[in-house]
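Trainee: what's the 3D shape of this:
(one chain, ligands or ions: 1)
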Amino acid sequence: MATSYFALIPAAGIGARMKGEQPKQYLQLAGKPMLQHVLDTFAASAAIAHTFVVVSGGDGYIEDLISAAPHLIGRVTALYRGGLTRRESVLNGLHAVREKVNDEDWVLVHDAARPGLTVALIDKLICALREDATGGLLAMPLVDTLKRSGPDLRVDATVPRDRLWTAQTPQMFRYALLRQALENAGDVTDEASAIEAMGLRPQLVEGSQRNFKVTLPQDLLLAELFLKGIA
Ligand code: C5P
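Mentor: From the prediction side, this is the model:
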């Protein structure tokens with residue numbers, strides 16, 4: 001049986017650092033909700049068989065979003081299975097789709113809060129990893145000098161930055177391996193950490209600055225510049 005590629009978008013966070021009235025994934029950015037940028041990109045990728053989006057049990061936005069976007073109907077399924085942490089949301093999503101996905105199929109887990117993802121970046125990740133035994137993730141080599149501080153904000157140490165990367169998403173692993181890794185993992189903040197805890201070494205594939213995670217209110221403007229093609 002041919003291997004398929006699925007997208008899984010955890011979108012059940014409340015975005016506390018954004019301090020908004022709505023969860024941040026539904027804030028309007030360049031004319032549409034942040035989450036829709038991500039869903040549109042996966043729907044436009046010929047490689048992706050289907051996209052699953054994990055929202056909280058009480059989510060009151062996703063149904064309207066999908067029904068207002070005819071090109072998403074049949075390409076995206078909402079799973080009302082959000083958990084207390086990102087890891088829980090992803091794992092709940094993986095359990096919910098077990099009948100639809102084969103153990104060897106690839107799952108691309110992508111943050112709803114990274115609206116700058118492009119079809120080209122998805123293709124780059126898939127091309128780099130389709131024959132890989134482990135899987136991997138988009139990431140950026142660190143360019144700034146890195147400091148570790150004490151609680152008083154004074155520098156305790158400068159950390160050599162060579163071979164340091166910041167992890168982005170999508171993070172792409174085979175379904176059964178990813179599920180097992182997340183079931184065994186503690187409180188990890190990304191999928192790769194769970195895979196690493198099994199003694200495996202995910203492949204890093206260079207991402208893009210435009211795929212940054214929108215977290216703070218001041219990030220919204222930068223995200224809009226990227227989405228409108230100005231930056
Ligand atoms: O909060 P943060 O930006 O790190 O969240 C990363 C992604 O994980 C977001 O898409 C967010 O909606 C999702 N998330 C989730 N369930 C949680 C917490 C975060 O799906 N309990």
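
Trainee: Going along the chain, name the strands of this structure.
Mentor: 5-10, 28-29, 32-33, 48-54, 76-79, 106-109, 136-141, 146-149, 155-159, 165-174, 203-206 (DSSP state E).

Trainee: So which of the ones you listed is nearest S193?
Mentor: Between S193 and the strands of the chain, the tightest spacing by Cβ to Cβ is seen for strand 165-174, at 8.4 Å. (C-beta placed from N, C-alpha, C; glycine too.)

Trainee: Mean confidence (pLDDT) on that closest one, please.
Mentor: Model confidence over strand 165-174, given as mean pLDDT, is 98.

Trainee: buried residues in that strand?
Mentor: Residues of strand 165-174 classed as buried by neighbour count (16 or more other Cβ atoms under 10 Å): A167, Q168, T169, P170, Q171, M172, F173, R174.

Trainee: what does stretch 50-68 give?
Mentor: So for stretch 50-68, counting by 16+ other Cβ under 10 Å, buried means H50, T51, F52, V53, V54, V55, S56, D59, Y61, I62, L65, I66.

Trainee: Of those, which ones also sit close to the ligand?
Mentor: The subset of the buried residues of stretch 50-68 within reach of the ligand, by Cβ under 6 Å from any ligand atom, is V54.

Trainee: mind putting the buried residues of stretch 50-68 in a markdown table, distance to A30 included?
Mentor: Listed next are the buried residues of stretch 50-68 as a markdown table, based on distance: Cβ to Cβ, whole Å:
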| residue | distance to A30 |
| --- | --- |
| H50 | 25 |
| T51 | 20 |
| F52 | 24 |
| V53 | 19 |
| V54 | 24 |
| V55 | 22 |
| S56 | 25 |
| D59 | 22 |
| Y61 | 18 |
| I62 | 19 |
| L65 | 15 |
| I66 | 19 |
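
Trainee: L94: what's its closest spatial neighbour, skipping adjacent residues?
Mentor: R179 (4.7 Å; Cβ to Cβ, 6 or more residues apart in numbering).
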